[in-house]
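>>> Got a predicted model here, sequence first, then my questions.
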Amino acid sequence: MHYLITGHTGFKGAWLTLMLTQQGHQVSGLSLDPEPGSLYVVGAVGELVQQDIRGDIRSAGTVRTALEATSPDAVYHLAAQPLVRESYLDPRTTIETNVMGTYNVIEAISTVPSIKASVIITTDKVYRNVNQIQGYIESDPLGGHDPYSASKAMADILTQSWMLSFPGSPMAIARAGNVIGGGDVCRDRLMPDLMRGFSEGTEVSLRYPEAVRPWQHVLDCLTGYQLLMQELLAHNPKVLGQPTWNFGPGPKNLRTVGEVADLASQMWGSPASWSVPAQTHPHEAELLALDATPARQKLAWADRLDFGQAIEWTVEWTKSVNAGTDPRATTTAQIKKYVSLVNQ
């Protein structure tokens with residue numbers, strides 16, 4: 001099977017590329033240049049990519065040309081401006097990338113006959129957040145307080161509208177929560193900030209230590225995406241009848257930012273600290289959780305790593321790479337370990 005991943009140079013994109021190639025599939029990608037020090041760079045992931053195309057999804061011509069040139073069997077659309085705080089600094093680019101970029105991708109998908117299925121990635125932040133304790137279900141109203149959340153909600157609604165208005169090869173939307181794992185270097189994300197600070201021996205500043213999030217390891221999230229894709233390719237009627245899918249961990253993985261920082265510091269095993277600076281930050285959700293019942297029942301998906309394991313695997317990845325272990329080898333070893341857990 002030949003997959004095209006948009007955003008393949010990003011955090012989840014690099015992990016997904018390694019997972020798919022390890023399974024024997026071909027992978028091509030369309031993305032901006034990777035961030036320095038990211039898994040894609042340090043793991044030399046590009047060596048595994050059949051056609052590594054660099055381009056901006058805001059250009060319809062670039063997207064169409066990439067899909068026509070690669071003629072993939074299926075598409076994972078991950079490319080996005082993924083940061084809440086960045087969306088306050090540059091709302092136009094955020095909206096153009098996440099909304100019109102997604103439009104360009106789904107429009108191009110409809111014109112390439114080789115594509116048999118596609119999964120469009122949005123986020124848990126598409127929901128109108130009212131800080132409810134129970135997880136949001138797929139039919140809950142969408143919203144968006146900040147430009148990032150609004151842009152992803154718009155992309156989600158746009159994709160649903162496209163599927164209804166222009167039926168074609170099977171397509172579905174996947175929504176996931178706070179995904180963590182080794183090799184993420186994005187700024188203003190908790191685990192990358194912690195791993196960077198702990199590695200450098202500097203104190204880490206936390207914006208909202210009481211904020212609650214559904215913490216999930218990247219392998220659990222991406223396994224959900226893959227299960228959804230498999231069922232779309234198989235034309236499973238139970239899956240084709242549902243356009244949107246949540247992939248979020250169980251209630252035990254709902255923890256505060258402060259709890260994550262404390263556990264990560266403890267697992268790091270050497271002096272590591274965090275603090276809360278006395279300054280005002282842009283709005284971010286206080287509580288956010290997903291109900292992934294349909295994915296658990298219809299896709300037999302489950303989050304295999306609990307809260308502690310998700311933190312532990314991320315810390316272990318970082319410490320191993322810091323000690324000189326090859327990043328790709330470290331990543332593939334964790335993938336194999338995860339597969340063994342799934343097969344138990």
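Alright, I've got the coordinates. Residues are numbered from 1 along each chain as shown.

>>> Could you list every helix and strand that the lowest-mean-pLDDT helix or strand in the chain packs against?
Lowest mean confidence among the helices and strands of the chain (mean pLDDT, DSSP states H and E): strand 274-275, at a mean of 80. Packing partners of strand 274-275 (3 or more Cβ pairs under 8 Å, 6 or more residues apart in numbering; DSSP states H and E): strand 204-205. Heads up, the C-betas are built off the backbone N, CA and C, glycines and all.

>>> Who are the packing partners of the strand it packs on?
So strand 204-205, by 3+ Cβ pairs under 8 Å, 6+ apart, packs with helix 190-200, strand 274-275.

>>> so what strands line up beside it?
strand 274-275 (parallel) (DSSP bridges).

>>> one step back: kindly reformat the helices and strands packed on strand 204-205 as TSV and extend each row with mean neighbour count and distance to L263.
As requested, the helices and strands packed on strand 204-205 are exported to TSV (neighbours: other Cβ atoms under 10 Å; distance: least, Cβ to Cβ, whole Å):
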stretch	mean neighbour count	distance to L263
helix 190-200	20	10
strand 274-275	16	12
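
>>> tell me, which of those is the model least confident about?
The minimum mean pLDDT among the helices and strands packed on strand 204-205 belongs to strand 274-275 (a mean of 80).

>>> quick revisit: let's have the helices and strands packed on strand 204-205 in a markdown table, adding distance to Q309.
Output for the helices and strands packed on strand 204-205, formatted as a markdown table (distance: least, Cβ to Cβ, whole Å):
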| stretch | distance to Q309 |
| --- | --- |
| helix 190-200 | 14 |
| strand 274-275 | 21 |
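
>>> between those, which one is nearest to L227?
With Cβ to Cβ as the measure, helix 190-200 is the member of the helices and strands packed on strand 204-205 nearest L227 (24.3 Å).

>>> chain center to the closest one, what's the gap?
From the chain centre to the centre of helix 190-200 is a distance of 19 Å (Cα atoms, centre = their mean, to the nearest Å).

>>> Could you do stretch 103-121 as well?
Once both centres are worked out by Cα atoms, centre = their mean, stretch 103-121 turns out to sit 19 Å from its chain's centre.

>>> likewise stretch 219-235?
Centroid displacement of stretch 219-235 relative to its chain, using Cα atoms, centre = their mean, is 13 Å.

>>> if we can go back for a sec, check which residues of the following helix or strand past the least confident helix or strand of the chain are buried.
For strand 274-275, the following helix or strand on the C-terminal side (DSSP states H and E) is helix 293-298. Residues 294-296, 298 are the ones in helix 293-298 that count as buried (16 or more other Cβ atoms under 10 Å).

>>> Run through who's touching helix 293-298.
Applying Cβ atoms under 8 Å, 6 or more residues apart in numbering, the contact partners of helix 293-298 are 137-138, 224, 227-228, 231, 238-239, 242, 245-247, 301-302.

>>> Same list (those) but as CSV, adding neighbour count.
Output for the contacts of helix 293-298, formatted as CSV (neighbours: other Cβ atoms under 10 Å):
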residue, neighbour count
I137, 14
E138, 18
G224, 25
L227, 18
L228, 26
E231, 21
K238, 11
V239, 23
Q242, 15
W245, 24
N246, 26
F247, 28
W301, 21
A302, 14
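
>>> Among those, name the ones in helices.
224, 227-228, 231, 238-239 (DSSP state H).

>>> Quick one: residues contacting the closest residue to P82 other than its chain neighbours.
In this structure, P82 finds its nearest non-sequential neighbour in C186, 7.0 Å apart by Cβ to Cβ, 6 or more residues apart in numbering. Shown in contact with C186 (Cβ under 8 Å, 6+ apart): 11, 35, 82-83, 192.

>>> if we can go back for a sec, what's the closest of the ones in helices among the contacts of helix 293-298 to A310?
Using Cβ to Cβ, the ones in helices among the contacts of helix 293-298 come closest to A310 at G224, 14.2 Å.

>>> Would you confirm that that closest one contacts G177?
No. Assessed by Cβ atoms under 8 Å, G224 is found out of contact with G177, at 10.9 Å.

>>> Need the residues touching each of the two.
Taking Cβ under 8 Å, 6+ apart as the contact rule, G224 and G177 both touch F247.

>>> Can you say which helix or strand has the residue nearest to S31 when sequence neighbours are not counted in it?
Spatial nearest neighbour of S31, excluding adjacent residues (Cβ to Cβ, 6+ apart): T9 at 4.2 Å. Remark: T9 resides in no helix or strand, with elements defined by DSSP H and E.

>>> With V45 as the reference, measure out to T9.
As judged by Cβ to Cβ, to the nearest Å, T9 and V45 stand 8 Å apart.

>>> Also G168?
30 Å.

>>> higher neighbour count, these two?
Using other Cβ atoms under 10 Å as the criterion, G168 and V45 rank with V45 on top: 27 against 14.
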